[in-house]
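Student: can you look at this prediction? I've put the sequence above it.
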Amino acid sequence: MKQLISKRTIDKLSKLKATQILSHFHSKSSIPTSSLPPSTSWTKCRFFQIHNTPVPKFVSWSGKRFIHTDTATDTAEEMVSETEDDATMNDFLSRFVWIMRGKLMEVYPDFEKKTIDEMLLVIVAKVVSELEKGGFDQIVGGKSSSPSQDDDFSHDLWNTVWEVSNVVLEDMEKAKRKDKMKNFLQAEQVKDMCRFAGEVGIRGDMLREYRFKWAREKMEESEFYHSLERFKEEEQQGTEYGIGVVEHQSRAEDPKLVALPKRRGKINYKIYGLDLSDSKWSQVAVKIHEAEKIICPQEPKKIDGKCKIITEKLLCSQEQDDYSPLIAEWVQLLQPSRVDWINLLDRLNNRNPSLYLKIAEHVLGEESFQTNIRDYSKLVDAHARDNRREDAERIIRKMSENGIVPDILTSTIMVHMYSKAGDLDRAKAAFESLRTQGFLPDTGVYNSMILAYVNAGDPKKGESLMKEMEVRDIKPSKKIYMALLRSFSQHGDANGAHRIATTMQFSGFQPTLESCMFLVEAFGKAGDPDQARQHFDYMIKLGHKPDDRCTATMIAAYEKNNLLDKALNLLIELEKDGFEPGVATYSVLVDWLSKMQLIDEAEQLLDKIAEQGEAPPFKVHISLCDMYARANVEKKALQSLGVLEAKQEQLEPEDFERIIWSLIAGGFVQDAQKFHGLMEARGFTVSEQLQVTLMASQTFLRRRPSVR
């Protein structure tokens, strides 16, 4: 700054006829405030107010005293403080010169660079002069002129100086918050949360948004606790000086208005030895502003007037209303950017969630929204969570129409959605798209695909995916093991069930009552009752007491090979240990006795079921219909047949065939033909042998026997 007011500077100004230059500021059109870039908004400046409103006197910036009035000898602490003040003042004046240069070049585009530089020297010299005299608070306060020299600059020039000062102070505050934000971005807690988010599959832009969100929260939390500490210190100081609590609180409520204090000596003004007039610094400034948009996101515009009314109408709209005209008018009034759209959607989601998804889908087509793939994936996820598969598929089609390839997040959502809906083909397509794009499926994707294969009755492919997980050192959960074990046992695949049970033990999961029961069921359906009994005994050896369901599974294994003596011996042994048969065990025995045409014994077991206060299970009626139809007991056969017809959606193909065989054997040919039609209506196909028997029964139609 000494160079700005040195003799060399005065000589330069005299050569350029400074009086003529100053007269230009009076005669030339004033520097308009409307020409300021949209990003520099004065309405939210935290230091000053505009529109000729009273402004409090300037408080020391960022908690630092820039100018000192004490005339005593400088101490070491004061020297350090003055050095910090000089650095802050250098930053202020550097930013001030940079912005003011652009405004002068806008107003005087025909002037040479040298002339613009000398104009800047005059303006900065005046600003420095006012700072040295302690009059800068009047300049930034928006007064019409300087108190000491009213005729130096025009009224418009002083207004521009004041506005630029506001911009500089706001930018300095943003820079300070940006530096704080950088520190919190590297905080250990934020890093831990980011690592955890990465492990659960959150990556890319979404992880970056979450990281800045968590850093902002930590910064706000830190500022809150610092404010509490400052308040506590002020309260303690007030107590030391004898200030009452009520008086201290009343003083704390009123803002403290102080003038900018004077300081001793000249202000050290340096731009770090760099010529900021070089064109390369404009490129640097653009990059800095782009980086600030990432670290300190843009705030939404203030909504007032007619735009506020339109916004309230949007928020109060219903799903059946036509909201398109309201959105068009809102866009015309506000000229929104992406942050304004997001603010509107957030408010809409909090107040009217049912309409949020529709308007969010409409907003995807707005150019100002700057739609990205994350916006599509959010909507797909929201529809998938609420089981709105058609809506989710519509959003996916829009992505394809716009040439957007689903990323890992969208493909993962599609796998979960189609797996849950039981659409194995589309789930497989989404799963393969992850691999083709080079993405490695996470644990959740594997689990969904394995369950999809299990529900589709193909546990072997699910087992191959489980092995793929183990190769990648991903440990399947116990739920996945049990789902595969259950599926293998239901299909009677004893080898597959044994493989899954062995893998479970190697993975650290100990056998349970349920897992042992699935092994018994698998070997029983496979026709190997001896192996089933070995697993049954091993279960008892482990300390698991067999329940009614597990015992029924073992009895069914004996039934498949018609080993009634072994089944009865097992029941006798269990009853000695306190076991009492339940509905499941009695149901298996009724089915067994019905096949043997032991009607009286089967009816006795039905009475046992009734004594327990429960109705016979649905499968029991299949056994009863088979037994009574073969025995030509028409009344009871038709009663069981009526129950089966009323709940025909629960019948499997093998159940239909058993009923039709028994009806033909008992002479109920018309009823057999009726159930054959019901079976075909369900999409089931009868076996070739049964088809031939049905055709023969129509040829040699016998009369239905009379009721006994």
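Tutor: Noted; the coordinates are in hand. Residues are numbered from 1 along each chain as shown.

Student: now for the protein, the helix or strand with the poorest mean pLDDT.
Tutor: helix 18-27 (a mean of 36; mean pLDDT, DSSP states H and E).

Student: longest helix of the protein, counting residues only.
Tutor: Using DSSP state H, we find that the single longest helix of the chain is helix 204-240.

Student: pLDDT score for residue 7?
Tutor: For residue 7, the model assigns a pLDDT of 39.

Student: do residue 532 as well
Tutor: Looking at residue 532, its pLDDT is 92.

Student: helix or strand: which one has it?
Tutor: Residue 532 belongs to helix 529-541 when assigned by DSSP states H and E.

Student: which elements pack onto that helix?
Tutor: helix 513-525, helix 548-560, helix 564-576 (3 or more C-beta pairs under 8 Å, 6 or more residues apart in numbering; DSSP states H and E). Placement of C-beta: from N, CA and C, glycine included.

Student: mean neighbour count and mean pLDDT for the ones you listed - can I get that in a markdown table?
Tutor: Output for the helices and strands packed on helix 529-541, formatted as a markdown table (neighbours: other C-beta atoms under 10 Å; pLDDT from 0 to 100):
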| stretch | mean neighbour count | mean pLDDT |
| --- | --- | --- |
| helix 513-525 | 24 | 92 |
| helix 548-560 | 22 | 91 |
| helix 564-576 | 14 | 90 |
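
Student: rebuild those helices as CSV, extending it with distance to residue 234.
Tutor: CSV is the format used below for the helices and strands packed on helix 529-541 (distance: least, C-beta to C-beta, whole Å):
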stretch, distance to residue 234
helix 513-525, 66
helix 548-560, 72
helix 564-576, 80
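
Student: out of these, which comes closest to residue 613?
Tutor: With respect to residue 613, and counting by C-beta to C-beta, the nearest of the helices and strands packed on helix 529-541 is helix 548-560 at 14.4 Å.

Student: got the contact list for that closest one?
Tutor: Helix 548-560 has contacts (C-beta atoms under 8 Å, 6 or more residues apart in numbering) with 513, 516-517, 520-521, 523-525, 527, 529, 532-533, 536, 539, 546, 564, 566-567, 570-571, 574, 579, 581-585, 587-589, 591-592.

Student: pLDDT of the longest helix of the chain, averaged?
Tutor: Helix 204-240 comes out at a mean pLDDT of 81.

Student: make 248 the first number, not 1, from now on.
Tutor: Sure thing, new numbering starts at 248, so read that last one as helix 451-487.

Student: got the buried residues for it?
Tutor: 453, 458, 459, 461, 462, 463, 465, 466, 485 (16 or more other C-beta atoms under 10 Å).

Student: residues touching the fifth one, list them.
Tutor: Which is residue 462. Each residue near residue 462 by C-beta under 8 Å, 6+ apart is listed here: 428, 431, 432, 434, 437.

Student: quickly find the element holding the first one.
Tutor: Going back to what we said before, that points to residue 428. According to DSSP H and E, residue 428 maps onto helix 402-432.

Student: using the three-state scheme, assign residue 549.
Tutor: Secondary structure for residue 549, judged by DSSP: H, G, I helix; E, B strand; the rest coil, is coil.

Student: that one: neighbour count?
Tutor: Neighbourhood size, residue 549 [other C-beta atoms under 10 Å]: 12.

Student: now residue 922
Tutor: 22.

Student: remind me which residues of this structure are low pLDDT?
Tutor: Within the chain, the stretches with pLDDT under 70 are 248-333, 378-399, 485-529, 539-544, 946-955.

Student: measure residue 763 to residue 531 for me?
Tutor: Per C-beta to C-beta, to the nearest Å, residue 763 is found 72 Å from residue 531.

Student: same check, this time on residue 578
Tutor: Applying C-beta to C-beta, the value for residue 578 to residue 531 is 34 Å.

Student: kindly report the same for residue 693.
Tutor: Counting by C-beta to C-beta - residue 693 and residue 531 are separated by 48 Å.

Student: likewise for residue 916?
Tutor: 95 Å.

Student: for residue 688, same thing?
Tutor: For residue 688, the distance to residue 531 - C-beta to C-beta - is 44 Å.

Student: higher neighbour count, these two?
Tutor: Counted by other C-beta under 10 Å, residue 688 and residue 531 do not tie: residue 688 has more neighbours, with 23 against 11.

Student: okay, and that one sits in which element?
Tutor: Assigned by DSSP H and E, residue 688 falls outside every helix and strand.

Student: look up phi and psi at it.
Tutor: The phi and psi torsions at residue 688 (degrees, to the nearest 10) take the values phi -60, psi 150.

Student: so what's the closest residue in space to it that isn't next to it in sequence up against?
Tutor: Spatial nearest neighbour of residue 688, chain neighbours left out: residue 681 (5.5 Å); criterion: C-beta to C-beta, 6 or more residues apart in numbering. By C-beta under 8 Å, 6+ apart, residue 681 lies in contact with 655, 658, 659, 662, 687, 688, 692.

Student: if I look at the third one, how far off is residue 684?
Tutor: The spacing between residue 659 and residue 684, counted by C-beta to C-beta, is 11 Å.

Student: those two: who's more crowded?
Tutor: Neighbour comparison, residue 659 and residue 684: the larger count goes to residue 659, with 23 against 12 (by other C-beta under 10 Å).

Student: give me the most central residue, this protein.
Tutor: residue 625 (7.3 Å; C-alpha atoms, centre = their mean).

Student: now render the buried residues of helix 451-487 as JSON lines, adding distance to residue 445.
Tutor: Below are these laid out as JSON lines (distance: C-beta to C-beta, whole Å):
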{"residue": "453", "distance to residue 445": "11"}
{"residue": "458", "distance to residue 445": "10"}
{"residue": "459", "distance to residue 445": "15"}
{"residue": "461", "distance to residue 445": "13"}
{"residue": "462", "distance to residue 445": "16"}
{"residue": "463", "distance to residue 445": "19"}
{"residue": "465", "distance to residue 445": "18"}
{"residue": "466", "distance to residue 445": "22"}
{"residue": "485", "distance to residue 445": "49"}
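
Student: tilt between the longest helix of the chain and helix 402-432?
Tutor: 100 degrees (axes from the mean of the first three to the mean of the last three C-alpha atoms, to 10 degrees).

Student: distance from helix 451-487 to the middle of the chain?
Tutor: Relative to its chain's centre, helix 451-487 lies at 25 Å (C-alpha atoms, centre = their mean, to the nearest Å).
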